[in-house]
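Colleague: Build me a model from this:
(2 chains)
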Amino acid sequence: MGSMFRSEEVVLVQLFLPTAAAYTCVSQLGELGLVEFRDLNASVSAFQRRFVVDVRRCEELEKTFTFLQEEVRRAGLALPPPEGVLLAPPPRDLLRIQEETDRLAQELRDVRGNQQALRAQLHQLQLHSAVLGQGHGSQLAATHTDSPLERTPLLQSPGGLHQDLRVNFVAGAVEPHKAAALERLLWRACRGFLIASFRETEQQLEDPVTGEPATWMTFLISYWGEQIGQKIRKITDCFHCYVFPFAEQEEARHGALQQLQQQSHELQEVLGETERFLSQVLGRVQRLLPPWQVQIRKMKAVYLALNQCSVSTTHKCLIAEAWCATQDLPTLQQALQDSSSEAGVSAVVHRIPCRDMPPTLIRTNRFTASFQGIVDAYGVGRYQEVNPAPYTIITFPFLFAVMFGDVGHGLLMFLFALAMVLAENRPAVKTAQNEIWQTFFGGRYLLLLMGLFSVYTGFIYNECFSRATAIFPSGWSVAAMANQSGWSDAFLAQHPLLALDPNVTGVFLGPYPFGIDPIWSLAVNHLSFLNSFKMKMSVILGVTHMTFGVVLGVFNHLHFGQWHRLLLETLPELVFLLGLFGYLVFLIAYKWLRIMAAGAASAPSILIHFINMFLFSRSPTNQPLFPGQEVVQSTLVVLALAMVPVLLLGTPLFLRWQHRRHSRRRRQPNEDKTGLLDVPEASMASQGSDEEKAESPGDQEEVELVLSEVFMHQAIHTIEFCLGCISNTASYLRLWALSLAHAQLSEVLWAMVMRMGLSMGREMGVVAVVLVPIFAAFAVMTVAILLVMEGLSAFLHALRLHWVEFQNKFYSGTGYKLSPFAFAVEDE
Amino acid sequence: MLEGAELCFNVDHGYLEGLVRGCKAGLLTQQDYVNLVQCETLEDLKIHLQTMDYGNFLANQTSPLTVSTIDTEMRKKLCREFEYFRNHSLEPLSTFFTYMTCSYMIDNVILLMNGALQKKSVKEMLVKCHPLGRFTEMEAVNIAETPSELFNAILVETPLAPFFQDCMSENTLDELNIEILRNKLYKSYIEAFYKFCKNHGDVTAEIMCPILEFEADRRAFIITLNSFGTELSKEDRETLYPTCGKLYPEGLRLLAQAEDFEQMKRVADHYGVYKPLFEAVGDGSGAKTLEDVFYEREVQMNVLAFNRQFHYGVFYAYTKLKEQEMRNVVWIAECISQRHRAKINSYIPIL
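Modeller: Coordinates of the predicted model:
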């Protein structure tokens, strides 16, 4: 759990992998997922790398896999997910897999080709029989009878003269969307010399390629003259029509039709056989493909990782550089030894110093993951920076709950989250693909805590679905008040509003043991009381939260050894924040504790005091809270303002001084000693911190340049902090606003929906009937508006308070994550 | 058209404009070309192209990879994009797209007619046709014997029909006549397109008119250049010049009289736009040809078209730039496959 507070120590290691065992080593590392490889060949383009041939072979294979997968998918089958642990196959297996895949693909291609050819043939046969059979007979007859004028002379003529006027036919089928264009083109190209009739097929025919049923248009063109015939043929060709022989005699057509039908029967049988065989082949593919896919993907990943390694001068081993957590080094060593034992030469790991900032590694479990996610969404922390996530675990749900305080709503949320948590190991829940669901499911522990805290704050606000609960007896006694002031019946009748005076003995017995007294829910000044309370609470929480942020910065400075920042940054910041706003918190608390009901009439106003504090003035009507207040206030303001220049100039001036001292010290020794001195310092700086790196004594010129930047940076930081203190404190008032909005919304919902239903009728039956839909409406609106909508908005504001108001006090978030080379992710 | 395209352009065409600008961002940059030129084999080229916007467009090609497969696949990709634009367009952008396809359709028709003349099979010719200029009746072109028959029977329904009014004749279609037909068609096409853009007004006109003027003038120059030493008479030549360019009318008249390249160059010297282009043409090997210079100028104009918003010119410019890119890639691929690396750098970079 210690690693939660800051990221783990990560070191750059150099791996010497013997060439023979490199593959197994890297594949083993992939299974473990410990290290992140650094690309040592960044300057070499993708196709000039060492293992590009192997990668390309894997890609070839994947191409074939895609083909197989596509075929399986087209057959309407699904590939089962692979089972068991599949290691990356040894390189020699690639050949076997390749061979088998190729054979399978070839087989599949053949069968599929056969099937398609058969289908196309069948399709053509069907079209042909449709052309022959479908009504064209009668159509033809119709043309015969309809045009006796044209036909009669032809039949009666003694031949010879009109020999070339014989009527010929072209029959065929065309896709329906082309039919109109074809008809028009035919007419235009050979006007008057033909009669064309188009007709849709009655049955839908399966398209041989896509397998989708579609209707086709059959046509029969009768024409005169051979030249026209050629033209027609050309035109039908260009429209990709199927043209079939069309016998003129009815009987011949019948004969042909019967023959066709017989043929198509036979064909269908053959087709059935082919399809059976196809499904056998597909079954084999289904069984073999998924493991292969995983294996080859792993193999490709290994080769890609190997491509990032450089080759040693002797070609005996590959050198890889990788980031690895110090904690994992023994495991790494062991893994490398195990996997390279076969090769005889063992792989070696050793740490190398490095000046680059190492990646950030924070191990999470399923509980902390969502909180770490909140922080990472803002920015991945710098290496070894204080990680806000562990504090977020409590503060985030708490600040959320301050805005969402309601026992009922909190309980619903808690139960929902609890259900998710209890069911988290069920495969159905885990594998749900719905994106919204995944979001909720990923944050189930967050929701759980948010719900729990909401119940808690709900008890403090004393609200359960906007209704107050009286667990303890109220601290106020109306009876005592009535007795003491002697309210008569007439008085009561005249005054709808009665005031309880806590100064009267027996009326105010003492504070309510926990949270807000339920009697306030009856009071008309309920809202103004709560507003005052919640506003002050927001300021207190805000200042505490921000101060905590500034204090966390201390740990950063301590860890990185930047003592000067402790004194020159954190201290002034703390003084500024606490001197102004800490004092405000003090005033609030002081007034709560010291000003009693008796002195309520002359109670001093904190607001006026606070304004006067900055103006160095006093107002005569406003009593001081404590003696010597003005002196304290003036001191604090002066102190706080004095901290601004310290904050602004301290760090830059200190760095300049430090830099000068360094350079003076360096000038003293001889030239050749400089190198000796440099080495330990440089390595120390690189191990220490990256911040210091800019000022590391190695590069003098750079420091001069950086100095102006340091000034600039510090100026920005100062302005941001000082203004931020004011605006951020104001920003925390959103706690008050949101909690008010939530309380009011639930109040309105109760008053407008539920109470209406409850006051509907006096008889039992009526109420019961009416309450069912009313309660349904109430429940739906509670969930939709108060839980989901309000919950989202409160979540968003809590997020903002963490990112902007809390984390900018200490968290830079400029790091990058350690993304280890692991197969696990790729499996998913 | 309403003044101020800013107001209502995005309602109808905003999506497509955004899309085409995104596509334009995927054009190969100078750095990409530098990488491509380094490739040793076509497979390397493929790997490189895969890292760019082309994605795995060659993934399903069975090896060995040839230049023509690359070309075909790239064309297909452009065609897919274009079809997508076209299918999602509203008037008057769809008409604009139709105009854009017309030039390809003219080329295809002429190609098919030439093929028919040389008795090549239609299938063989179809492969060579540009996919953007495909239309259903296209393959029936070879049944026509005279231009008017061609018009009446086949092209009357296509968008090409209006361009035919000038070239109805009963001449048989021999090679010269086909070429004349092509140029006449193109002339009336480009004039019609120019008129369309002019009438559309607004930014579209401001962008498209110069591009089309340049296109017209380029054709005039090319026609002149190609007619040297042929039997085409000067009067006939003049009728082929598109009249919407900057050269019209004086320059075209002078151009019609030109008899060799020097005279043509003298004509160009009168125009500030074309003078530098002709000066850039060198002779000898390794020097730029007139065609290259024109291409460069075209690329320049098309890139500039992206500097303005709310106009249709971006679609035209994108298509042309993509075509240039395809020519570049094919050039590089040819150089690689023929191991002729000396000239590999004479592509025309776009960005």
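
Colleague: Could you use CA atoms for every contact and neighbour count after this?
Modeller: Noted.

Colleague: Now do B:E191 against B:E213, distance only.
Modeller: In this structure, B:E191 and B:E213 are separated by 9 Å, where distance is defined by Cα to Cα, to the nearest Å.

Colleague: Now list whatever residues contact both of those two.
Modeller: With contacts defined as Cα atoms under 8 Å, 6 or more residues apart in numbering or on different chains, the residues adjacent to both B:E191 and B:E213 are B:C244.

Colleague: Just the closest residue of the stretch 201-350 of chain B to chain A, please.
Modeller: With Cα to the nearest Cα as the measure, the residue in the stretch 201-350 of chain B that lies nearest chain A is B:I336; the distance is 15.0 Å.

Colleague: what's the spacing between that residue and B:E43?
Modeller: Per Cα to Cα, B:I336 is found 10 Å from B:E43.

Colleague: Which one's more surrounded, these two?
Modeller: Neighbour tally, B:I336 and B:E43, criterion other Cα atoms under 10 Å in any protein chain shown: the higher count belongs to B:I336, 21 against 17.

Colleague: which other helices and strands contact the helix or strand hosting that one?
Modeller: Assigned by DSSP states H and E, B:I336 falls within helix B:313-337. Helices and strands in packing contact with helix B:313-337 are listed as helix B:5-25, helix B:42-50, helix B:67-87, helix B:202-227, helix B:290-305; criterion 3 or more Cα pairs under 8 Å, 6 or more residues apart in numbering or on different chains; DSSP states H and E.

Colleague: average pLDDT across stretch A:550-562?
Modeller: For stretch A:550-562, mean pLDDT is 89.

Colleague: Show me which positions of that stretch end up buried.
Modeller: A:550-557, A:560, A:562 (16 or more other Cα atoms under 10 Å in any protein chain shown).

Colleague: got it, and stretch A:361-376?
Modeller: The neighbour-count check on stretch A:361-376 (16+ other Cα under 10 Å) flags A:361-362, A:368-376 as buried.

Colleague: just to revisit the earlier point, give me the distance from the helix holding B:I336 to the chain's centre.
Modeller: Going by Cα atoms, centre = their mean, to the nearest Å, the spacing between the C-alpha centre of helix B:313-337 and its chain's C-alpha centre is 11 Å.

Colleague: ok, now stretch A:318-330?
Modeller: Its chain's average C-alpha position is 30 Å from that of stretch A:318-330, according to Cα atoms, centre = their mean.

Colleague: Show residues contacting it.
Modeller: By Cα under 8 Å, 6+ apart, the list of residues contacting stretch A:318-330 from outside reads A:8-19, A:22, A:34-40, A:308-312, A:358-359, A:361, A:818.

Colleague: Just those residues: which are in helices?
Modeller: When those are checked against helices (DSSP state H), the matches are A:A22.

Colleague: Going through the contacts of stretch A:318-330, which ones are buried?
Modeller: A:8-19, A:22, A:34-37, A:39-40, A:308-311, A:358-359, A:361, A:818.

Colleague: Show me the residues you listed that map onto strands.
Modeller: When those are checked against strands using DSSP state E, the ones located there are A:10-18, A:35-37, A:310-311.

Colleague: Make TSV out of these and add pLDDT and distance to B:A305.
Modeller: As requested, these are arranged in TSV below (pLDDT from 0 to 100; distance: Cα to Cα, whole Å):
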residue	pLDDT	distance to B:A305
A:V10	86	52
A:V11	87	52
A:L12	88	50
A:V13	87	53
A:Q14	86	53
A:L15	84	54
A:F16	84	55
A:L17	82	55
A:P18	81	57
A:V35	85	49
A:E36	86	46
A:F37	86	45
A:S310	82	47
A:V311	80	49
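
Colleague: would you list those in CSV and tack on distance to chain B?
Modeller: Formatted as CSV, the entries for those read as follows, by distance: Cα to the nearest Cα, whole Å:
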residue, distance to chain B
A:V10, 32
A:V11, 32
A:L12, 30
A:V13, 30
A:Q14, 30
A:L15, 29
A:F16, 30
A:L17, 28
A:P18, 29
A:V35, 26
A:E36, 23
A:F37, 21
A:S310, 21
A:V311, 22
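
Colleague: is it possible to export those to CSV including distance to A:I516?
Modeller: As requested, these are arranged in CSV below (distance: Cα to Cα, whole Å):
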residue, distance to A:I516
A:V10, 50
A:V11, 54
A:L12, 57
A:V13, 60
A:Q14, 63
A:L15, 64
A:F16, 68
A:L17, 69
A:P18, 72
A:V35, 55
A:E36, 55
A:F37, 58
A:S310, 69
A:V311, 73
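
Colleague: Out of those, which comes closest to B:L112?
Modeller: In terms of Cα to Cα, no member of these lies closer to B:L112 than A:S310, at 56.4 Å.

Colleague: Next up, phi/psi of the residue lying closest to that closest one once chain neighbours are set aside, please.
Modeller: The shortest distance from A:S310 to any residue other than its chain neighbours is 5.2 Å, reached at A:I319 (Cα to Cα, 6 or more residues apart in numbering or on different chains). Phi and psi for A:I319, reported as degrees, to the nearest 10, are phi -110, psi 120.

Colleague: any idea how far A:V55 is from A:I319?
Modeller: Distance, A:I319 to A:V55, using Cα to Cα: 19 Å.

Colleague: So for those two, which residue has more residues nearby?
Modeller: A:I319 (24 against 20).

Colleague: Quick check: bridge partners of that one?
Modeller: Bridge pairing for A:I319 (DSSP bridges) gives the partners A:F16, A:S310.

Colleague: re earlier: from the buried residues of stretch A:361-376, which ones fall inside helices?
Modeller: Applying DSSP H to those, the entries found in helices are A:369-376.

Colleague: So what's the residue count around the residue of the stretch 1-150 of chain B found nearest chain A?
Modeller: Nearest residue of the stretch 1-150 of chain B to chain A (Cα to the nearest Cα) works out as B:E139 at 5.0 Å. By other Cα under 10 Å, 25 other residues sit near B:E139.
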